[in-house]
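K.L.:
Mind looking at a prediction? Sequence and model below.
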Amino acid sequence: MRKRHGHYGFDAPWPLVGLIIGAIALLALAALSFVLDIFAAGVSFAFGGLYTLASAFSYLYTTRRGKFVVWDEELRRLRGDEQVLDLGCGRGAVLLAAAARLADGGRATGIDLWRSKDQTGNTEAAARTNAEAEGVAERVDLVTGDLRDLPFGADAFDVVLSSLALHNIPSADGRAQAVREAYRVLRPGGLMLLADFQHTPDYEQTLRDLGVIDVRRRDAGRRFWYGGPWFATTIIEARKPTG
């Protein structure tokens with residue numbers, strides 16, 4: 001995996017903060033229990049604290065490294081001449097990794113509403129700064145917009161990507177509309193990769209309802225866990241029919 005030069009923040013930082021605070025509190029209770037000679041309670045609190053701390057490390061690893069490794073492997077299939085769209089690009093972790101693999105007229109477009117609660121420092125300016133740092137700014141476009149109403153024509157992109165963005169849309173109808181919009185702007189034969197830790201069966205069903213047969217849902221692996229297997233990331237991979 002290539003060395004990163006941008007700064008990509010932390011995904012949904014408050015759950016991580018909660019895990020760290022929870023681990024500290026449980027370990028403090030364990031220490032207090034041992035001091036008071038309440039051995040059973042001390043062991044229980046210690047186990048809970050260490051378990052929560054391990055979850056925090058899992059979350060931290062994924063947001064700082066693991067997801068980059070997974071996406072690096074996914075993006076190796078790019079030829080280099082594609083028009084790529086990243087839905088909910090944030091500070092550009094996936095967008096710029098894709099852009100780094102493009103040449104010969106390929107371009108990477110990112111669209112977002114730039115909300116900091118979804119990612120620390122999530123601004124268009126931060127994404128532009130990262131594009132400059134990664135040396136790919138000349139082939140990157142950034143757009144402010146709603147994933148449910150994409151400002152692009154039909155069949156505009158060879159590849160549509162999204163990493164942990166669609167679940168931020170609050171309603172099931174809204175998420176389904178975003179998937180339909182992603183399908184609309186994807187050219188026939190184009191590749192769609194949607195990574196999320198919620199609602200992925202619904203994304204798959206929406207695509208099947210649109211007539212997509214070449215679609216599958218697969219586990220992204222432990223490198224994409226946000227605290228443990230109960231927050232495992234799933235990838236929807238699909239090809240838009242050509243006929």
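P.N.:
Structure's in. What do you need? Residues are numbered from 1 along each chain as shown.
K.L.:
Any stretches of this protein with poor pLDDT?
P.N.:
Applying pLDDT under 70 to the chain flags residues 1-2, 116-120.
K.L.:
now do 80
P.N.:
For the chain, applying pLDDT under 80 flags the ranges 1-6, 11-14, 115-121, 243.
K.L.:
Could I get the full set of strands for it?
P.N.:
For the chain, applying DSSP state E gives strands covering 83-87, 107-112, 140-144, 157-163, 186-196, 215-219, 234-239.
K.L.:
Sheet-wise, list the partners of the first one with their directions.
P.N.:
Paired strands of strand 83-87, with direction, are strand 107-112 (parallel), strand 157-163 (parallel) (DSSP bridges).
K.L.:
so how far is that strand from its chain's centroid?
P.N.:
Centre-to-centre, strand 83-87 and its host chain are 13 Å apart (Cα atoms, centre = their mean, to the nearest Å).
K.L.:
got the CA coordinates for that strand in CSV?
P.N.:
C-alpha atoms of strand 83-87 as CSV (Å, rounded to 0.1, in the frame of the first residue of the first chain):
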residue,chain,number,x,y,z
GLN,A,83,-14.5,8.3,-14.5
VAL,A,84,-14.9,7.5,-10.8
LEU,A,85,-17.5,8.8,-8.4
ASP,A,86,-17.1,8.6,-4.6
LEU,A,87,-20.4,9.0,-2.7
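K.L.:
So what touches that strand?
P.N.:
Outside strand 83-87, the residues that touch it by Cβ atoms under 8 Å, 6 or more residues apart in numbering are 78, 92, 94-95, 98-99, 102, 106-111, 147, 152, 156-163, 165-166, 178, 182, 185, 194. Quick note: C-beta positions are derived from backbone N, CA and C, even for glycine.
K.L.:
most centrally placed residue in this structure?
P.N.:
For the chain, Ser163 is the residue whose C-alpha lies nearest the centre (Cα atoms, centre = their mean; 2.7 Å).
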